[in-house]
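Q: Requesting a structural model of the entry that follows:
(2 chains)
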Protein chains: 2
Amino acid sequence: MRRLSHYLRSLEGFPKSGGTVSSEELAARGQTTAAQVRKDLSHFGSFGKRGLGYQVDELRDRLRSILGIDRCWRVALVGAGRIGLALFEYPAFRSRGFDCVAIFDSDPKKVGQVWGDQVIRSPDDFESAIAELGVELVILALPAEAAQEMAMRAVDGGVKGILNFAPIRLNVPPKVPVEDVNLVMELEALSFQITQGEQDA
Amino acid sequence: MRRLSHYLRSLEGFPKSGGTVSSEELAARGQTTAAQVRKDLSHFGSFGKRGLGYQVDELRDRLRSILGIDRCWRVALVGAGRIGLALFEYPAFRSRGFDCVAIFDSDPKKVGQVWGDQVIRSPDDFESAIAELGVELVILALPAEAAQEMAMRAVDGGVKGILNFAPIRLNVPPKVPVEDVNLVMELEALSFQITQGEQDA
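A: This is a model prediction of the structure:
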C-alpha cells in the first residue's frame, strides 16, 4: 500500500496531461522493480498495455481512487499543541482532500482560540459534536494518558479511522483502523540501525 | 525492532526498581504473543529464567542498549518551520537522549533567531558545522525540493543517520540509514484501509 502512495507521488511529478509511463520508470522512482510495479497495480484491475506503458492521467486517477483520496475526508484534530498546530498548518493535508472541520482541546485556556477558520472546542460534547459534523477521521495529537479515552469516544462518535501521534498503542475495535506516528520510535529505529551496523562492522 | 520499542515502553510503565515480568505480560501490553516476545528477545542473548520471567530493571537496561539509546545522540535539526518547532519542543526527544545541538534554516529572516538554547544557523557552512559539532543524526524538516541536497550534504558532513519528514525518498549511500515520516502517506494509509474495508463490506 505504501508503494501505491509512492507511485502516486511519482506520477504527480509528471506533466499534467497526456503521456505514458513505463513500469521501469515508476520502479526507478519508487526504488523497486518493474515486476513489482506491475504486480502491485495488477491487484486492482488491468492498467496499461504491454509495450506501451500506462497512461499517466488514467493511472493517477485510478491510484487516487484506490487510495480513497479522490474524495474529501472530514477530519477532527484532537489536541491543539505544537504538533497539532504543525499538522493544522501543513499545506499538503488540505490539498489532498483532508479537511479539518473541528479542533478540540481540553485546556480551558485554549478553548475559544481561533486557528484559521476554526474555533477550538472543548471536548465536553465530543461524541455528539463529531457525529453532527460528520467527522470521519480523527487525529490524536495529545499526551499518552489522554489518548485511549479520546480514541474510544471518537469510536463512539462514529469515526472510521484514527491517526495517532500519542506514544501508546490504542485499543479500539478492529473495524476502526489506526495509523501510529511515534516520533520517538522513529528516532529509536535509526539509533538501532546505526548501533547494530557499528557492531557488525 | 518496532516491537522492541514497544516492550521498552511497557517496561517503563512498571515501578522503577525490582520485580519481574513474564513474557505473557509483555505480550499483552504489546499486542503480540508470549512466544513472539521470547523469540524477539532471544535474538539478543539470554534473558530471563523459565518460569520466573524477566527482571524488569535488567531487561529495560538491555533493551536501551540494544536500541542504542543508553547513550546521548547529537542531533541537528534542518528546517525551522512548524514541524521543526514541534519536534524541537517535543519533550520526549531530550529525555530519551536525543540532544539537539544545532538548528539550520536557509531563510535569512530565521537565521539568528533564538529557540531555547539554540541560535538558528545559516546552512552555508553546513558540512563543516555539523562535522565540528559532532552531529550524528539529522532531522530534515524541510520541503521536498531542498531535502535531497541537504541529505547529501549531511552525509558529506559525516552523519550516521537521517530522520526525514520531507515527502520524498532520499537517495543516500546505504551505510546511512534513513527513517521516513510522511504525514500525508499516513493519512493515505488510513483512507486506503477505510476505503478497501467499505468495498469488502
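
Q: quick one: the strands in chain A?
A: Taking DSSP state E as the test, the strands found in chain A are A:20-21, A:54-55, A:73-78, A:98-104, A:114-115, A:118-119, A:137-140, A:161-164, A:178-180.

Q: per-domain residue ranges of chain A.
A: Chain A breaks down into these domains under automatic domain parsing: A:2-66, A:73-185.

Q: Quick one: list the elements packing against the helix or strand of chain A with the lowest mean pLDDT.
A: Lowest by mean pLDDT, DSSP states H and E among the helices and strands of chain A is helix A:91-95, with a mean of 77. The helices and strands touching helix A:91-95, judged by 3 or more Cβ pairs under 8 Å, 6 or more residues apart in numbering or on different chains; DSSP states H and E, are helix B:183-200. In this view, the C-beta of every residue, glycine as well, is placed from N, C-alpha and C.

Q: and the helix it packs on, is it in reach of chain A?
A: Yes: counting by Cβ under 8 Å from any Cβ of the partner chain, chain A is contacted by helix B:183-200 at B:183-197.

Q: Which residues belonging to that helix are considered buried?
A: B:183-197 (16 or more other Cβ atoms under 10 Å in any protein chain shown).

Q: Could you give the number of residues near A:Arg62?
A: Using other Cβ atoms under 10 Å in any protein chain shown, A:Arg62 has 19 other residues around it.

Q: My read is that it contacts A:Phe44, right?
A: Yes: with contact defined as Cβ atoms under 8 Å, A:Arg62 counts as touching A:Phe44 (7.1 Å).

Q: just to revisit the earlier point, which of the strands of chain A sits most buried?
A: Most buried of those by mean neighbour count (mean count of other Cβ atoms under 10 Å in any protein chain shown) is strand A:137-140; its value is a mean of 27.

Q: Does that strand reach chain B?
A: Yes: contact of strand A:137-140 with chain B (Cβ under 8 Å from any Cβ) involves A:Leu137.

Q: Run the contact check for stretch A:181-188 versus chain B.
A: Yes: residues of stretch A:181-188 contacting chain B under Cβ under 8 Å from any Cβ: A:Val181, A:Asn182, A:Leu183, A:Val184, A:Met185, A:Glu186, A:Leu187, A:Glu188.

Q: can you give me how far that stretch is from the chain middle?
A: How far stretch A:181-188 lies from its chain's middle: 16 Å, per Cα atoms, centre = their mean, to the nearest Å.

Q: Extract the C-alpha trace of that stretch and format it as CSV.
A: C-alpha atoms of stretch A:181-188 as CSV (Å, rounded to 0.1, in the frame of the first residue of the first chain):
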residue,chain,number,x,y,z
VAL,A,181,3.1,8.1,14.1
ASN,A,182,5.5,7.7,17.0
LEU,A,183,8.3,10.2,16.7
VAL,A,184,10.5,8.7,19.4
MET,A,185,10.2,5.3,17.9
GLU,A,186,11.4,6.6,14.6
LEU,A,187,14.5,8.0,16.3
GLU,A,188,14.9,4.7,18.1
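
Q: contacting residues around it?
A: A:163-165, A:167, B:2, B:5, B:67-69, B:73, B:87, B:90, B:92-93, B:96, B:98, B:137, B:163, B:179, B:181, B:183, B:186 (Cβ atoms under 8 Å, 6 or more residues apart in numbering or on different chains).

Q: what's the span of stretch A:126-140, first residue to last?
A: 13 Å (Cα to Cα, to the nearest Å).

Q: got the strands of chain A as JSON lines, with distance to A:Gly13 and mean pLDDT columns?
A: Shown next, in JSON lines, are those (distance: least, Cβ to Cβ, whole Å; pLDDT from 0 to 100):
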{"stretch": "strand A:20-21", "distance to A:Gly13": "10", "mean pLDDT": "84"}
{"stretch": "strand A:54-55", "distance to A:Gly13": "14", "mean pLDDT": "85"}
{"stretch": "strand A:73-78", "distance to A:Gly13": "24", "mean pLDDT": "96"}
{"stretch": "strand A:98-104", "distance to A:Gly13": "21", "mean pLDDT": "95"}
{"stretch": "strand A:114-115", "distance to A:Gly13": "31", "mean pLDDT": "96"}
{"stretch": "strand A:118-119", "distance to A:Gly13": "32", "mean pLDDT": "96"}
{"stretch": "strand A:137-140", "distance to A:Gly13": "27", "mean pLDDT": "96"}
{"stretch": "strand A:161-164", "distance to A:Gly13": "25", "mean pLDDT": "95"}
{"stretch": "strand A:178-180", "distance to A:Gly13": "25", "mean pLDDT": "91"}
